[in-house]
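> quick one: sequence plus predicted model below, questions after.
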Amino acid sequence: MSTAAEYAAAQTAIVRDDPAGRLALLRSLYEAVPGQRQLHLPYRRAALAFMGWQLRRGLLNPLSDPAPGSPWWRAVNERLLHDTAESRAHLLNQGGPVSSTSAAWSVEFARRPSAQAWYRAHNATIVTAYLEHRELAEAESRVERFFINLILVRVLYAHALVAAPRLALSWLSPFGPMLGDPRLGMTSIFLSLSRVLPDRYPLPGSLRRYVADEHGFGRLLDLGVIQPRMDALYAWSAAELALPGLTTLIHDGIPTYAWDAADTEPWNLPLGVAVRAVRRVLPPWT
């Protein structure tokens, strides 16, 4: 019998060039283990929502496709599939050592599901993939690299809503766990950028155009709530995920994953009246 890690590697290899197969595999990995209660299915919506957006943009298309996907996005998604598949294999007692820290968090979630455990597993996998595939990210366009950083910021913040609500929401911390709960469908607000980004890859045009298009709740969230907490959020997440390399992906409040720290313009936008009001009402917890 193969080990859990070998099973995971085989499953991800089968769907590597099959975007729909990737989605189907992830869906299947949240099904109940035979003979056990269905404890994981409520978390599947959050897991599938963002992957569905990746499929619609063509990010996971084979590199040989007439409209090839993104090597970086494909690699990050494959890591998510691998860790999730490995955790399920451990539930099925396939044995063998856990292959990585991120896979260990996935096993922990699989054995004792909770909102905090789901975020720890998901974000540890995502951050590990970010750190492992920085060279692939550097080959992406400036527009794509900006949103790759923004996505990381938002998933880290969503985790903090559940596991560190005072950091995330200051005096409104009692509402954090509910707002961030992946079982309630709220995570699509933090993970999906479909209202801003077109369903295609690569992204055409300049970054300024996309940043200008993001208004309303997204602008209030990013500039009003998250940005004043950015350094603290990365430090907390690095400790929570046991991934100290995460702290290298931010510098003086500027996310720097495959990004020049001197390129501050997209992160230091003029603050409107509503954003300034949010910052006054929800200052960082001290």
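Structure received.

> C-alpha only now, for contacts and for neighbours.
Will do.

> now do the strands in this protein.
Along the chain, the stretches classed as strands by DSSP state E are 250-251, 254-255.

> elements contacting the first one?
It refers to strand 250-251. helix 230-241 (3 or more C-alpha pairs under 8 Å, 6 or more residues apart in numbering; DSSP states H and E).

> low-confidence ranges, the stretch 51-200 of the chain, go.
Scanning the stretch 51-200 of the chain for pLDDT under 70 picks out the ranges 185-198.

> ok, the closest residue to Ala129 other than its chain neighbours - contacts?
In space, and not counting its chain neighbours, Ala129 is closest to Val76: 5.2 Å by C-alpha to C-alpha, 6 or more residues apart in numbering. For Val76, the contacting residues are 126, 129-130, 133, by C-alpha atoms under 8 Å, 6 or more residues apart in numbering.

> swap in Ala163?
116, 177.

> roughly how far apart are it and Ser237?
Relative to Ser237, Ala163 is positioned 10 Å away (C-alpha to C-alpha, to the nearest Å).

> ok, now Gly224?
On the measure of C-alpha to C-alpha, Gly224 and Ser237 end up 20 Å apart.

> over to Gly245?
Note on Gly245: its distance to Ser237, by C-alpha to C-alpha, is 10 Å.

> more neighbours: the two, which one.
The residue with more neighbours, out of Gly245 and Ser237, is Ser237; 25 against 12, by other C-alpha atoms under 10 Å.

> right, and that one touches Leu156 too?
Yes: using C-alpha atoms under 8 Å, Ser237 is in contact with Leu156, at 6.7 Å.

> circling back: gap between the residue nearest to Ala129 and Gly245?
For Val76, the distance to Gly245 equals 16 Å [C-alpha to C-alpha].

> next up, the contacts around Thr84.
Thr84 makes contact with 8, 26, 29, 103, 106, according to C-alpha under 8 Å, 6+ apart.

> biggest separation within the residues you listed, which pair?
Using C-alpha to C-alpha, the pair of the contacts of Thr84 lying farthest apart is Leu26 and Ala103, separated by 14.9 Å.

> neighbour count: these two, which is higher?
Ala103 (25 against 20).

> what's the burial count for the spatially closest residue to Glu135 that is not a sequence neighbour?
Closest residue in space to Glu135, ignoring its immediate chain neighbours: Ala258 at 7.8 Å, by C-alpha to C-alpha, 6+ apart. Using other C-alpha under 10 Å, Ala258 has 21 neighbouring residues.

> would you check how far apart Ala258 and Arg145 are?
Taken as C-alpha to C-alpha, the span from Ala258 to Arg145 is 7 Å.
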